[in-house]
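Engineer: predicted model and sequence follow; I will ask about them next.
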Amino acid sequence: MRIFTAALATETNTFSPICVDRRAFEASLYAPPGEHPETPTLCSAPITVGRRLAAEHDFTLIEGTATWADPAGLVNRLTYEGLRDEILEQLRAALPVEAVVLGLHGAMVADGYEDTEGDFLARVRDIVGPDILVCAELDPHSHLTAKRLAAADFFVYFKEFPHTDFVDRAEDLWRIALDTLAGLVKPVMSVFDCRMIDVYPTSRDPMRSFVDKIMRMEAEDRDILSISVVHGFMAGDVPEMGTKMVVLTDNKPEKGAALARDLGLELFSKRGTFIMPQIDEKDAVSRAMTATSGPIVIADVWDNPGGGTAGDATVLLAELLAQGATDTAVGTIWDPMAVQICMAAGEGAKIQLRFGAKSAPGTGHPIDGIVEIIKLVRNAEMRFGESYAPFGDAAHIRLHGIDIILNSTRAQSFDPSLFSVMGIEPTSKKILVIKSTNHFYASFAPIAAEILYCSAGTPYPNNPARTPYRRAPRDIWPMVDNPHGAEQGTA
């Protein structure tokens, strides 16, 4: 038995000013066939899990290219077409195959391709024909389109946000795929459009309880192969943006459709209650400074490079300086030019430096001052679960008693090792400022005395009711109060 696998992924914030070319993919992950590392990245777990299962079950795994770019704005057209065609040629060369198992994200938008994953999957289907199994693991912060549903046999999405389960979901994907090829199951997808867009952290209720519930249903009902919530991605201005429920049954389409609808309406009934309570930068800094223990973690939730922003906002840093905060570390502020200047000056130098807030309106103002360069690291990395996330050449500088990490490769703050690799012991600080919406939670919660979610500035379109969408649907919540009608979705 021969199975082809590959990964092509990024998350596109269509409002971000930072465009993505091939260099962005190569900076994050570009692994030609057979060269993927042993540890998976967020969207390439099907490859590493597939390797193990191929050895255990004695089938041939043909690896294509695996590539991932950190979230940003529009993907360059030639970049997408080049990477797409590279993988498609590898698939053609691998024929005949019994299945294609892919790692995708689901929110990529390229110049000229509003639904890149739909385009890619449709071309895969054209190559292998109607009878070959095609399936994929995806990030829930994505768009589920009719074109994708028509091209693939089934999808499995991460359940957790933060995405701590991408390897577990790759295991689910492969289990269903191998059972399908063995004739043990016949997967059928049922989808319900929740007609809403929201943020669904699984680190707190009500989403924690909802995910626990669907996992129990998977374990207890043999007809259910998988249940996924496609959260949607509110910074992706595309026609099929929004939250969807996906129920994968063993050839029980009517049961799947009814269950998807029931679960979808249950989710809709809790609209507006999922996202973490947020405070502004003034409140966040004053609360952190008056706390009696630390570290207090302040999450700059909307300047999150993991959502496609630059990660160079200075609103929180300016407030820390204004309130005279010390014993504080900020990680990170993206400014490749400032990093270059620091690298040229060298460790121990004290220089005049302007940094931050260069990318877009709503990110604050550049910071000016005499800074001391504490530590310089080439090709810095932090941990993210069992893998590593690069944040590029980086500089640890100190300004008015505040330690600041400047980075050259955009990356959200996944793990406290972000600080330690730059010579900062995170547990010794009273205040830690990070840039992430919720992926940080699993790693930072164990060391935090308290976590404050801060909404500072407007680097990200975080209020769908007011976002100037041009392509996204306008007949979903919160753009309208209840698109399901007076008797539905209000329980």
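Structural biologist: All right, it came through fine.
Engineer: give me phi/psi at R216?
Structural biologist: Phi and psi for R216, reported as degrees, to the nearest 10, are phi -60, psi -40.
Engineer: let me know the pLDDT of it.
Structural biologist: We have a pLDDT of 98 for R216.
Engineer: likewise T41?
Structural biologist: As predicted, T41 sits at a pLDDT of 86.
Engineer: that one and K159: what is the separation?
Structural biologist: Distance, T41 to K159, using CB to CB, to the nearest Å: 18 Å. Bear in mind the C-beta positions are built from the backbone N, C-alpha and C, glycine included.
Engineer: do I447 as well
Structural biologist: Distance from I447 to K159, counting by CB to CB: 25 Å.
Engineer: same thing with L91?
Structural biologist: Per CB to CB, L91 is found 29 Å from K159.
Engineer: who's more crowded, the two?
Structural biologist: K159 (25 against 19; other CB atoms under 10 Å).
Engineer: just the pLDDT for that one.
Structural biologist: 98.
Engineer: so the most centrally placed residue in the chain, which of the three states?
Structural biologist: Nearest to the geometric centre of the chain sits G306, at 5.5 Å (CA atoms, centre = their mean). At G306 the chain is in helix, as set by DSSP: H, G, I helix; E, B strand; the rest coil.
Engineer: which residue is the nearest non-sequential neighbour of it?
Structural biologist: What sits nearest to G306 in space, not counting adjacent residues and going by CB to CB, 6 or more residues apart in numbering, is Q412, at 3.8 Å.
Engineer: who's in contact with A349?
Structural biologist: Contacts for A349 (CB atoms under 8 Å, 6 or more residues apart in numbering) come out as 342, 372-373.
Engineer: one more time with 10 Å
Structural biologist: If you count contacts by CB atoms under 10 Å, 6 or more residues apart in numbering, A349 has them with 341-342, 371-373, 376, 397.
Engineer: generate a ChimeraX selection restricted to the buried subset of the residues you listed.
Structural biologist: To isolate the buried subset of the contacts of A349 in ChimeraX, counting by 16 or more other CB atoms under 10 Å, use the following:
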select :341,342,371,373,376,397
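Engineer: save the contacts of A349 as a markdown table, and put in distance to V247 and secondary structure too.
Structural biologist: A markdown table is the format used below for the contacts of A349 (distance: CB to CB, whole Å; DSSP: H, G, I helix; E, B strand; the rest coil):
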| residue | distance to V247 | secondary structure |
| --- | --- | --- |
| I341 | 54 | helix |
| C342 | 52 | helix |
| V371 | 54 | strand |
| E372 | 57 | strand |
| I373 | 55 | strand |
| L376 | 51 | strand |
| I397 | 51 | strand |
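Engineer: what's the farthest-apart pair in the contacts of A349?
Structural biologist: With CB to CB as the measure, no two of the contacts of A349 lie farther apart than I341 and E372, at 13.5 Å.
Engineer: which neighbours do the two share?
Structural biologist: 349, 351.
Engineer: wouldn't A122 be in contact with V128 here?
Structural biologist: No - in terms of CB atoms under 10 Å, A122 does not count as a neighbour of V128; the distance is 11.4 Å.
Engineer: so the two - more neighbours on which side?
Structural biologist: Neighbour count, other CB under 10 Å: between A122 and V128, V128 has more, with 20 against 16.
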